[in-house]
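J.: predicted model and sequence follow; I will ask about them next.
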Amino acid sequence: MTASSGLAITIDRVTKRYADRLVLDDISFAITPGETVALIGPSGGGKSTLLRCINGLVPFEEGAVRVGEHTVAATNGSRPSGNANGADVRRLVGMVFQDFRLFPHLTALENVMEAPRRVGQVANGDAAQLAQRLLERVGLGDRGDAYPRQLSGGQQQRVAIARAMAMQPRGLLCDEITSALDPELKHEVLEVIEELKQDGLTLVLVTHEIGFARRAADRVVVLAGGKLIEEGPSAQVIDNPQVPRTQQFLSRLLA
């Protein structure tokens, strides 16, 4: 799972609405290649929606997102427009969801093979070798024949990470990937993420694991009510937040 160099991501005045509800309100910040950024804040603040805007999974009404050499611009239609589409962006940046989203009828090995075979047109034998290497990297080299129902939640999430890495992206978006796991299984998954950081991937993590965010993230961005209310080095924001809404959020979460 050796990563190529990370990539820059720029969010430029992105605004997203669902009907009359403003979910993202003029969000702007930049992520440098190889940087790890944790998105934190109260539920409903727009964090997961922002990840989907970055990855081209949902359109937005104003602004633009630049991922490496690709730009996805705002649209009022059914999908983003600009000089890139979602598929272009997703070749550069993978995504891991909190609910795993593995194919239940495929083994762990087959789940990891699927994108290289179908999207990357990689031959079956080469895709199987790649998938096996990735499973070994996440500590599941002996579980390639297991179906998702035969794996623990932590194991399923590690397969999902391996699957996201199968297209050799330069960045990874993680959406509350430990929220459904007990503490021991969380540790398994977070260890894998910390290894990816060492590989130089650009990482954007939506998380409520504040200790992990402080330790692993270079920077923390706080979203609340669809607005970016505070950002800075992780230890600075978490240990000494300057904005009252951030102080309130962290005091409740850490109580």
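T.: Perfect, thanks for sending it.

J.: look up how far I238 lies from the nearest residue to A162 once chain neighbours are set aside.
T.: Nearest residue to A162, sequence neighbours excluded (C-beta to C-beta, 6 or more residues apart in numbering): L134, at 3.9 Å. All C-beta atoms are positioned from the backbone trio N, CA, C, and that covers glycine. Taking C-beta to C-beta, to the nearest Å as the measure, L134 falls 32 Å from I238.

J.: what of S152?
T.: Look at S152 and I238: by C-beta to C-beta, they are 30 Å apart.

J.: same check on I54?
T.: To I238, I54 is 23 Å away according to C-beta to C-beta.

J.: same question for V204.
T.: Separation of V204 from I238 (C-beta to C-beta): 17 Å.

J.: C53 now?
T.: 25 Å.

J.: looking at those two, which one has more neighbours?
T.: C53 (25 against 22; other C-beta atoms under 10 Å).

J.: quick one: contacts for the more buried one?
T.: Residues counted as contacts of C53 (C-beta atoms under 8 Å, 6 or more residues apart in numbering) are 11, 14, 16, 24, 60, 65, 72.

J.: what's the closest of those residues to L39?
T.: Distance to L39 across the contacts of C53 (C-beta to C-beta) is lowest for I11, with 10.8 Å.

J.: re the thing from before, save the contacts of C53 as TSV, and put in pLDDT too.
T.: Compiled in TSV, those are given as follows (pLDDT from 0 to 100):
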residue	pLDDT
I11	97
V14	97
K16	96
L24	97
F60	93
V65	95
V72	88
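
J.: most neighbours of all those residues, which one?
T.: Most neighbours among those, by other C-beta under 10 Å: V72, with 27 neighbours.

J.: quick revisit: helix or strand: which one has the residue nearest to A162?
T.: Element membership for L134 (DSSP states H and E) is helix 124-137.

J.: which residue ranges of the stretch 51-200 of the chain form helices?
T.: 86-90, 108-118, 124-137, 153-165, 183-198 (DSSP state H, counting those that start in this stretch).

J.: tell me which of those helices sits most buried.
T.: Stretch with highest mean neighbour count among those: helix 153-165 (a mean of 25; mean count of other C-beta atoms under 10 Å).

J.: got the CA coordinates for that one in PDB?
T.: Output of helix 153-165 as PDB, limited to C-alpha atoms (Å, rounded to 0.1, in the frame of the first residue of the first chain):
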ATOM      1  CA  GLY A 153     -16.600  -4.800  12.200                       C
ATOM      2  CA  GLY A 154     -12.900  -3.800  12.600                       C
ATOM      3  CA  GLN A 155     -11.900  -6.300  10.000                       C
ATOM      4  CA  GLN A 156     -14.600  -5.200   7.600                       C
ATOM      5  CA  GLN A 157     -13.400  -1.600   7.900                       C
ATOM      6  CA  ARG A 158      -9.800  -2.600   7.200                       C
ATOM      7  CA  VAL A 159     -11.000  -4.400   4.100                       C
ATOM      8  CA  ALA A 160     -12.800  -1.200   3.100                       C
ATOM      9  CA  ILE A 161      -9.500   0.800   3.500                       C
ATOM     10  CA  ALA A 162      -7.700  -1.800   1.400                       C
ATOM     11  CA  ARG A 163     -10.400  -1.500  -1.200                       C
ATOM     12  CA  ALA A 164     -10.100   2.300  -1.200                       C
ATOM     13  CA  MET A 165      -6.300   2.000  -1.700                       C
END
